[in-house]
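Colleague: Dropping the sequence and predicted coords here.
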Amino acid sequence: MYKILKAEKLADMIYLMDVEAPRVARHCEPGQFVIVKMDEKGERIPLTICDYDREVGTITIVFQTVGASTHKMAELKAGDAFRDFTGPLGCPSEFVGEDIESLKNKKILFVAGGVGAAPVYPQVKWMKEHGIDVDVIVGSKTKDMLILESEMRAVAGNYYPCTDDGTYGHAGMVTTKIEKLAEEGNKYDVCVAIGPMIMMKFVCLLTKKLNIPTIVSMNPIMVDGTGMCGACRLHIGDEIKFACVDGPEFDGHLVNFDEAMKRQQMYKTEEGRAMLKLQEGDTHHGGCGHCGGDK
């Protein structure tokens, strides 16, 4: 059992938990995720790691209530425990393996939308710990929906909040803030965008026009987290990839967002899943490649 040490509500339908998971905390890196199960028969829920403390042995997760399982999870309190807490899974962010001095010479922009602030935070924090200041744009519908604001301000070089209703920070979408920063003469070497699929799509359309290489995290389309279910199958250029085993981060300018969003909707129904399996044949499933169940 994995004990919950802290549970709090960050915003409407958005919750944070600190979970005692020493092994995961020892080995995880920014960009990776965990799979949690509340009980023996519970649903497997993939969640990107928001923060970790190797010394204390804790992992911080942030989630939004969407279906029955996450609503049930939101009722858990400090002292309760998860039945399973599996990780770290997925590939770490690519910059973790880059030369630090090379990274220091790059101007990096992070863009987060909604709950996407949670997986962006550990990456920005990692940058700060290695002496790298980055610009961070965080967008939400309203000021009340902005999460981890004080934490993000503490680690960002420049922090730019945006609200759709214009009541706080930059008035408008994150894309209009990117345009404004570019117009002011900011030249970015790379952008990392994490958030709703539609947000990442339009960020990538803009950054392609601005010639800014862009990395996106495709964690929104993951279901079982092992590649076996086929939910996170997507085209990266001409290649078929699975977000949970090959990612979750990819070159955003190569992602077929329209196809990924269409599959995401189809996967919600039994009929849709059957149709996808029929259409995609042997490429419908992924998996680790080391077992016989990946087809």
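Modeller: Done, it's in. Since this is a predicted model, take the numbers as computed values, not measurements.
Colleague: Which residue ranges of the stretch 51-200 of the chain form helices?
Modeller: Ranges of helices within the stretch 51-200 of the chain are 68-73, 100-104, 117-129, 149-155, 174-183, 197-209, based on DSSP state H, counting those that start in this stretch.
Colleague: average pLDDT across the fifth one?
Modeller: In this model, helix 174-183 has an average pLDDT of 98.
Colleague: between the helices of the stretch 51-200 of the chain, which one is nearest to residue 13?
Modeller: helix 68-73 (8.7 Å; Cβ to Cβ). Bear in mind the C-beta positions are built from the backbone N, C-alpha and C, glycine included.
Colleague: one step back: tell me the most buried of the helices of the stretch 51-200 of the chain?
Modeller: Comparing the helices of the stretch 51-200 of the chain by mean neighbour count (mean count of other Cβ atoms under 10 Å), helix 117-129 comes out on top with a mean of 23.
Colleague: elements contacting that helix?
Modeller: Here helix 117-129 touches strand 45-53, strand 108-113, strand 135-140, helix 149-155, strand 190-194, going by 3 or more Cβ pairs under 8 Å, 6 or more residues apart in numbering; DSSP states H and E.
Colleague: Which among the helices of the stretch 51-200 of the chain is found nearest to residue 52?
Modeller: Closest approach to residue 52 among these (Cβ to Cβ): helix 117-129, 7.1 Å.
Colleague: The closest one vs strand 45-53, what angle?
Modeller: Interaxial angle, helix 117-129 versus strand 45-53 (axes from the mean of the first three to the mean of the last three Cα atoms, to 10 degrees): 30 degrees.
Colleague: Could you look up the SS state of residue 31?
Modeller: The three-state label given to residue 31 by DSSP: H, G, I helix; E, B strand; the rest coil is coil.
Colleague: Tell me if I'm right that it and residue 89 touch.
Modeller: No. With contacts defined as Cβ atoms under 8 Å, residue 31 does not count as touching residue 89, sitting 10.6 Å away.
Colleague: For the helices of the stretch 51-200 of the chain, could you give me JSON lines that also reports distance to residue 93?
Modeller: Formatted as JSON lines, the helices of the stretch 51-200 of the chain follow (distance: least, Cβ to Cβ, whole Å):
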{"stretch": "helix 68-73", "distance to residue 93": "25"}
{"stretch": "helix 100-104", "distance to residue 93": "11"}
{"stretch": "helix 117-129", "distance to residue 93": "6"}
{"stretch": "helix 149-155", "distance to residue 93": "15"}
{"stretch": "helix 174-183", "distance to residue 93": "19"}
{"stretch": "helix 197-209", "distance to residue 93": "15"}
